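In: Just the structure for this:
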Amino acid sequence: MLDPHRTIDAVWKLESARIIAALARLVHDVGLAEELAQDALVAALEQWPTSGVPDNPGAWLTAIAKRRAVDHIRRSKRLERKQEQLAQELERQPEPEPDDLLRLILVSCHPVLPTAARAALTLRLLGGLTADEIARAFLVASTEITRRIADAKRTLAVAGVPFELPAGDELAARLASALEVIYLIFNEGYSATSGDDLMRPGLCLEALRLGRLLAELAPQEPEVHALVALMEIQASRTPARTGPRGEPVRLHEQNRGRWDQLLIRRGFTAMLRARSLGGPPGPYVLQAAIAVCHAQARRAEDTDWGQIAGLYEALVRLLPTPVVRLNRAVAVGMARGPRAGLALADELTADPALRDYHLLPSVRGDLLLRDGQLADARREFERAAALTRNAAECAFLLRRADGIAVGADPATLGAAARGFLARDDLDAATLRSYGQTLRRLCLALGERLPLASLTAEQVAGVCAAAWGGAAAKTWNRHRSAVRSFATWAGAQDLATGLERRAETRPRTAPVDARHLDALWARTDLPVRELTLWHLLHESAAGIRTVLALNVEDLDLDDRRARTGGGRVNWRSGTARLLPALLAGRTSGPLFLTDRRPGPARRPPAADRCPTTGRGRLSYERAEYLFKQATRPLDPAGEGFTLSRLKPPNPHIR
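Out: Numbers count the residues shown, from 1 in each chain. Below you'll find the model as predicted:
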């Protein structure tokens, strides 16, 4: 006897994408299609344990889902023509049209969606994974995955993305987006960006399945076959990529006898298919050719690094991203010597895109070590370990650093930064600000960098990469921190390359009236937030001024409150909400936190309610709540700031 629940789970994993694709073609709404498919799944969960698993469970689910679609359209009073079309579809063979799955892939990976949302939606609709399974794979909260998927469906609906196959250049662009998402999923499984484990094999397998599926659906696209070849060959190394304790094993140290020969042969076959289709080689064809070069070498010393370097030169011309250029530096370093590779890697140190990319210092450390620059190599490995969020990789890099014997350390940047921040004459806000600046310097240059060798050019380069595009106020704040540190350390010239920028306060556009009306009409918002937002909008007072108000400052009859610098007035919207917010309180902060603070975080008496014991609502929390509430209203999807609640023509009475 088959276990119905296990059977349902297996069938859903295999058939859900086809069912959703078939429904999406009919109802032209991915979100609705998934809901209808879920209804069919619920019906199976209710009926199969008692009636038994049908002979063709996939067809059963498809038929039930299509009946749900018919019922939905009838309830929605759609056109009779569509009803007849759906009725005819119900009588046909319950297999989707050949292009349905391709349409679903292209919709799930549509460029209108952020990359993270594309990956989550693809795994949900095409992989049949639950939000919890996707969250575990990417090490984020399941609520965050649920939000990404919901936002993605809403974005597709608002943008009116059609469930149809594009043509020409648009098809190429959409396929490129789909390939990007599949390779992103594979890379997250192949080399996890965070967590304790180096790899997450489940994501690799899912990406391979999606790539093979896409190759079946788009057999005339060489880039699709090339991506499959690239993933097959890279996945073949999985058994040899980690040691007995889960530590990483570098490519040239791997036991190539443990590489999966079946996957390598599949990769070679896919590569031959890509080449047979002709045309100029694309990015994935070139990357797959590089993978083939590695797979063909029986020993690490047999690797044709000259050919690999040439392929990377071609790839850089086609796809000049910082990561591709860094990989070229590795290949050139192996083919022409470490100094040639270092020259290329050093060009990338000022690139903001690689500011927190741990592989840049890791590559430089390798090249420096091979060139005999031991102290510099050790610092680079330590920098790389500080930047990575993967525990296994961090431990591996620290072991490499510890294995390099160098002389006694002189006074270092890290030690000087810790000494500077340990002063007792800095208030909490200044300490936090200075700490951000010095942590960035230590991450970018290495904590073990001798302080005597630190130059103004190095400091200016770090600041330009980290905050070159920031607002003038932010730039000047970090410049001030560098100047203070340089003075304390007796190296005043460190800030000579940092010019002060003129600060201009940009005008903030107020929230549109229709968005405000939508916000005021919501019935699910807490009275505290509504009162605060109404008060800010009606008074045009400063945010911190309003948050600093106490209950005893209020004059409810005259609709005003006393402040240290004047008064704050409000109108009917705030007046209607204030009694419910006060709830009988006669003193203490007007706006309170959600819960009582712990003993270790007890706020001062002036910021604590004597009745409830709760503290004053912070600016940061108030800003976060407003952004969360207004995210659906913001076309950019980020949410509005509280400063945008001021009316177009503020008037403070």
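In: Okay, buried residues for stretch 540-548 please.
Out: Going by neighbour count (16 or more other CB atoms under 10 Å), the buried part of stretch 540-548 is 540-543, 545-548. In short, each C-beta sits where N, CA and C put it, glycine included.
In: oh, I was asking about stretch 307-317
Out: Judged by neighbour count using 16+ other CB under 10 Å, the buried positions of stretch 307-317 are 307-312, 315-316.
In: Return the residues in contact with Ala173.
Out: Taking CB atoms under 8 Å, 6 or more residues apart in numbering as the contact definition, Ala173 lies against Pro111.
In: Check the secondary structure at it for me.
Out: Reducing the assignment at Ala173 to three states with DSSP: H, G, I helix; E, B strand; the rest coil gives helix.
In: Kindly state the pLDDT recorded for it?
Out: At Ala173 the predicted local distance difference test score is 81.
In: Relative to Gln296, how far out is it?
Out: Ala173 is 33 Å from Gln296, where distance means CB to CB, to the nearest Å.
In: likewise Ala583?
Out: Using CB to CB, we find Ala583 at a distance of 75 Å from Gln296.
In: With neighbour numbers in mind, choose between the two.
Out: When Ala583 and Gln296 are compared for neighbours, Gln296 comes out ahead with 13 against 9, by other CB atoms under 10 Å.
In: Can you pull the phi and psi angles for the more buried one?
Out: phi -80, psi -20 (degrees, to the nearest 10).
In: can you dump the C-alpha coordinates of stretch 486-504 into PDB?
Out: Extracted C-alpha coordinates of stretch 486-504, given in PDB (Å, rounded to 0.1, in the frame of the first residue of the first chain):
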ATOM      1  CA  ALA A 486      44.900  60.400  12.300                       C
ATOM      2  CA  THR A 487      45.400  63.100  14.900                       C
ATOM      3  CA  TRP A 488      45.100  60.700  17.800                       C
ATOM      4  CA  ALA A 489      47.600  58.300  16.100                       C
ATOM      5  CA  GLY A 490      50.000  61.100  15.300                       C
ATOM      6  CA  ALA A 491      49.600  60.700  11.500                       C
ATOM      7  CA  GLN A 492      47.800  63.900  10.600                       C
ATOM      8  CA  ASP A 493      48.500  63.500   6.800                       C
ATOM      9  CA  LEU A 494      46.300  60.400   6.500                       C
ATOM     10  CA  ALA A 495      43.300  62.600   5.700                       C
ATOM     11  CA  THR A 496      45.000  64.900   3.200                       C
ATOM     12  CA  GLY A 497      43.300  63.200   0.200                       C
ATOM     13  CA  LEU A 498      39.800  63.700   1.600                       C
ATOM     14  CA  GLU A 499      38.200  67.000   0.600                       C
ATOM     15  CA  ARG A 500      35.200  68.300   2.500                       C
ATOM     16  CA  ARG A 501      32.000  68.300   0.400                       C
ATOM     17  CA  ALA A 502      29.500  71.100   0.500                       C
ATOM     18  CA  GLU A 503      26.300  69.900   2.200                       C
ATOM     19  CA  THR A 504      23.000  70.800   0.600                       C
END
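In: Okay, buried residues for it please.
Out: Of the residues in stretch 486-504, those with enough neighbours to count as buried (16+ other CB under 10 Å) are 486, 489, 491, 494-495, 497-498.
In: same deal with stretch 556-573?
Out: So stretch 556-573, judged by 16+ other CB under 10 Å, has buried residues 559-561, 563, 568-570, 573.
In: How about residues contacting it?
Out: Contacts made with stretch 556-573 from outside it, assessed by CB under 8 Å, 6+ apart, are listed as 520, 534-535, 537-539, 541, 545-546, 548-549, 553-555, 574-575, 578-579, 652-653.
In: can you rerun that using 7 Å?
Out: Outside stretch 556-573, the residues that touch it by CB atoms under 7 Å, 6 or more residues apart in numbering are 534-535, 538-539, 541, 545-546, 549, 553-555, 575, 578, 652-653.
In: Show me where the protein has its strands.
Out: Taking DSSP state E, the strands of the chain run over residues 194-195, 389-390, 554-555, 560-563, 566-569.
In: and Ile20, what does it touch?
Out: The contact partners of Ile20, by CB under 7 Å, 6+ apart, come to 33-34, 37, 104, 125.
In: so who does Val511 touch?
Out: Under the criterion of CB under 7 Å, 6+ apart, the contact partners of Val511 comprise 640, 644-645.
In: Which residue in the buried residues of stretch 486-504 has the weakest pLDDT?
Out: Ala491 (78).
In: Low-confidence bits of the stretch 101-250 of the chain, can you list those?
Out: For the stretch 101-250 of the chain, applying pLDDT under 70 flags the ranges 136-139, 192, 194-198.
In: show me where it has helices.
Out: Ranges of helices within the stretch 101-250 of the chain are 115-125, 131-138, 142-159, 168-190, 201-217, 222-236, based on DSSP state H, counting those that start in this stretch.
In: Now Phe485: closest residue in space that isn't a chain neighbour?
Out: Leaving aside its sequence neighbours, Phe485 sits nearest to Phe420 (CB to CB, 6 or more residues apart in numbering; 5.4 Å).
In: for that neighbour, what are its contacts?
Out: Contacts here follow CB under 7 Å, 6+ apart; on that basis Phe420 touches 438, 485, 488.
In: ok, now how distant is it from Asp427?
Out: Using CB to CB, we find Phe420 at a distance of 15 Å from Asp427.
In: just the helices in the stretch 301-450 of the chain please.
Out: Ranges of helices within the stretch 301-450 of the chain are 305-318, 322-336, 338-346, 359-370, 374-387, 391-402, 413-421, 428-445, based on DSSP H, counting those that start in this stretch.
In: Looking at these, which is nearest to Val292?
Out: Shortest separation from Val292 across those is recorded for helix 305-318, at 9.7 Å, computed as CB to CB.
In: Could you report the separation of the residue nearest to Asp100 when sequence neighbours are not counted from Ala218?
Out: Nearest-residue entry for Asp100: Ala21, 3.7 Å, with adjacent residues in sequence omitted and distances by CB to CB, 6+ apart. Applying CB to CB, one obtains 14 Å for the distance of Ala21 from Ala218.
In: Settle it for me: which of those two has more neighbours?
Out: Here Ala21 and Ala218 are compared on neighbour count by other CB under 10 Å; more neighbours surround Ala21, at 26 against 21.
In: Kindly confirm whether my reading is correct that the more buried one touches Ile105.
Out: No - here Ala21 does not reach Ile105: they are 8.6 Å apart, not a contact under CB atoms under 7 Å.
In: Cool, thanks, talk later.
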